[in-house]
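Visitor: mind looking at a prediction? Sequence and model below.
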Amino acid sequence: MLCGSQDFFNDRERLDTLKKAAINSPLTDIIWYEGCGHNFANFEKQAGNDFVNWLNK
């Protein structure tokens with residue numbers, strides 16, 4: 001799950017709850033971006049790279 005500290009829909013607590021609920025997933029990670037909002041403005045490249053790296057795990 002990708003999320004930022006300025007996301008107005010989600011926060012770290014919600015992501016932790018979702019991760020705990022993902023009992024059927026063999027791999028569930030949280031990638032947190034300090035200062036990032038819901039639209040990932042100015043974090044697009046980093047989020048894209050992190051997503052690709054996660055897929056390659």
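Guide: Ah, there it is.
Visitor: can you report how many residues neighbour Lys57?
Guide: Lys57 has 7 neighbouring residues, counting by other C-beta atoms under 10 Å. All C-beta spots, glycine's among them, are computed from the backbone N, C-alpha and C.
Visitor: and the gap between it and Phe9?
Guide: Lys57 sits 26 Å away from Phe9, going by C-beta to C-beta, to the nearest Å.
Visitor: looking at this, Glu34 is in a strand?
Guide: Yes: with DSSP: H, G, I helix; E, B strand; the rest coil as the criterion, Glu34 is part of a strand.
Visitor: and it, what's its pLDDT?
Guide: With respect to pLDDT, Glu34 scores 97.
Visitor: that one reaches Gly4, doesn't it?
Guide: Yes: the pair Glu34 / Gly4 is scored as a contact, 7.3 Å apart, by C-beta atoms under 8 Å.
Visitor: neighbour count for the two, which is higher?
Guide: A direct count of neighbours by other C-beta under 10 Å for Glu34 and Gly4 places Gly4 higher, at 20 against 8.
Visitor: and the gap between the closest residue to Gly4 other than its chain neighbours and Leu2?
Guide: Nearest non-adjacent residue to Gly4, counting by C-beta to C-beta, 6 or more residues apart in numbering: Cys36, 2.5 Å away. Counting by C-beta to C-beta, the gap from Cys36 to Leu2 is 9 Å.
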